[in-house]
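Asks: need coordinates for the below:
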Amino acid sequence: MVGRISGTGSYIPKEVWDNQALTQLVDTSDEWIQERTGVARRHIAGKNETTAYMAAEAAKRALEDANVSAQEIDLILVATISPGRIMPSTSCEVQAMIEAKRATCFDLNAACTGFLFALNTAQAYIKQGIYSKILVIGTESLSNLVNWKDRGTCILFGDGAGAVVLEASEEGRYAQYTQSIGCDGEVLKVDCRNQKQYESQPCAEETFIQMDGREVFKFAVSKVPEAIGELLKQEEKNVEDISQFILHQANKRIVQSVSKRMKVDIKYFPTNMEEYGNTSSASIPILLDELNRSGRLKRGTYLVLAGFGAGLSYGASLIQW
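Replies: Model prediction:
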């Protein structure tokens, strides 16, 4: 058995901050940001648009697209690094919001690779015959973790959520290749604020996203082509067999570099970071939803999803649409 994606959904916060708005916070410009990242705008969650709320809204839209009721869902997997609560889990909050009363729920933290790892986990449950209908969600309120005085990071990130419904099928194909490099984890990190040493300094720099941009870029442009190459070799596929390469939307220059290294035309690498910035675990499912609803995903074709980020972790998955 394999999990086929039968529905997609996403939720984007209403408030939009374009690059011009950031010039009021840090020394930067629209031209500087777009040249280095490709980001023009990002959406910022409002007071009532919590990480769980956005996840639930994306889930509802995915369920509607799949023509599946919440009561049919066996498992809810939520990938996030920015939950509004330590407990209950974001997935349990989603369960309550959408009334998926039969579902088992848990969260997964793999940062920007989170949705990909959650999708792999869901596929394993389906392959073993444990569950047959699963909601996989990536949701982030990264604006709560960003230091808006740090030009190197605040220009990159945004908020949002994306979701897919997986249903067990005897047809289709799914394969994955993943790796983690924990010894390099210090190049992208955030300390938890719920520690005694931060009681007297709740706004300590360490409790906001800390990133060595140069090292993260080098990691991404080397490891993503490697992961995709290993996956295709493992599955005896060529790049010509893949209709689209859907990468984590971190930086347009990373996507361009991967395209160049793989010698695959950039037109096969769709992007949307122009509108949303880096939404971490939400970026791949948001892009999937946009491609699905615009009719750009054709049944039976092969897609490669590739994620990379904190951990450091990275990977690629082959999925037949």
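
Asks: so residue 299, which of the three states?
Replies: Under the three-state scheme (DSSP: H, G, I helix; E, B strand; the rest coil), residue 299 adopts coil.

Asks: max-length helix in the chain?
Replies: Ranked by residue count, the top helix of the chain under DSSP state H comes out as helix 213-234.

Asks: so how far is that one from its chain's centroid?
Replies: If you compare the mean C-alpha spot of helix 213-234 with that of the full chain, they lie 16 Å apart, counting by CA atoms, centre = their mean, to the nearest Å.

Asks: what do you get for stretch 254-274?
Replies: The mean C-alpha position of stretch 254-274 is separated from the chain mean by 17 Å, CA atoms, centre = their mean.

Asks: name the residues of it that are buried.
Replies: Taking 16 or more other CB atoms under 10 Å as the basis for neighbour counts, the residues of stretch 254-274 that come out buried are 254-255, 257-259, 262, 264, 268-273. All C-beta spots, glycine's among them, are computed from the backbone N, C-alpha and C.

Asks: go through the longest helix of the chain and flag the buried ones.
Replies: Using 16+ other CB under 10 Å as the burial criterion, the residues of helix 213-234 that qualify are 216, 219-221, 223-225, 227-228, 231-232.

Asks: which of the buried residues of stretch 254-274 fall within helices?
Replies: Cross-referencing the buried residues of stretch 254-274 with the helices (criterion: DSSP H) gives 254-255, 257-259, 262, 273 as the overlap.

Asks: one step back: widest-spaced pair of the buried residues of stretch 254-274?
Replies: The widest separation within the buried residues of stretch 254-274, taken as CB to CB, falls between 262 and 272 and amounts to 20.1 Å.

Asks: which residues touch residue 136?
Replies: Listed by CB atoms under 8 Å, 6 or more residues apart in numbering, the contact partners of residue 136 are 77, 79, 115, 118-119, 122, 163-164, 166, 285.

Asks: give me the subset of these lying in helices.
Replies: When helices are assigned by DSSP H, the members of the contacts of residue 136 inside them are 115, 118-119, 122, 285.

Asks: for residue 244, state which of the residues you listed is nearest.
Replies: Comparing the ones in helices among the contacts of residue 136 against residue 244 with CB to CB picks out residue 285 as the nearest, at 14.5 Å.

Asks: hmm, residue 164 and that closest one touching each other?
Replies: Yes: under the criterion of CB atoms under 8 Å, residue 285 lies in contact with residue 164, with a separation of 5.8 Å.

Asks: so what sits against both of these two?
Replies: Counting by CB under 8 Å, 6+ apart, the shared contacts of residue 285 and residue 164 are 8, 136.

Asks: residues near the nearest residue to residue 7 once chain neighbours are set aside, how many?
Replies: Counting by CB to CB, 6 or more residues apart in numbering, the nearest residue to residue 7 once its immediate chain neighbours are dropped is residue 66, at 2.6 Å. Applying other CB atoms under 10 Å, we find 23 other residues in the vicinity of residue 66.

Asks: kindly export stretch 120-127 (C-alpha atoms) in CSV.
Replies: Extracted C-alpha coordinates of stretch 120-127, given in CSV (Å, rounded to 0.1, in the frame of the first residue of the first chain):
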residue,chain,number,x,y,z
ASN,A,120,7.6,9.9,5.3
THR,A,121,6.2,9.0,8.7
ALA,A,122,2.6,8.9,7.4
GLN,A,123,3.7,6.7,4.5
ALA,A,124,5.2,4.2,6.9
TYR,A,125,2.0,3.9,8.8
ILE,A,126,0.0,3.4,5.6
LYS,A,127,2.5,0.9,4.2
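
Asks: other residues contacting it?
Replies: Counting by CB under 8 Å, 6+ apart, the neighbours of stretch 120-127 from elsewhere in the structure are 1-3, 75, 77, 108, 131-132, 134, 136, 166, 168, 174, 176, 178, 315, 317.

Asks: any chance you could map the helices in the stretch 1-150 of the chain?
Replies: Ranges of helices in the stretch 1-150 of the chain, per DSSP state H, counting those that start in this stretch, are 19-22, 30-37, 51-66, 90-98, 114-127.

Asks: want to throw those helices into a markdown table with distance to residue 241 and mean pLDDT?
Replies: Listed next are the helices of the stretch 1-150 of the chain as a markdown table, based on distance: least, CB to CB, whole Å; pLDDT from 0 to 100:
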| stretch | distance to residue 241 | mean pLDDT |
| --- | --- | --- |
| helix 19-22 | 38 | 96 |
| helix 30-37 | 31 | 95 |
| helix 51-66 | 26 | 98 |
| helix 90-98 | 34 | 98 |
| helix 114-127 | 20 | 98 |
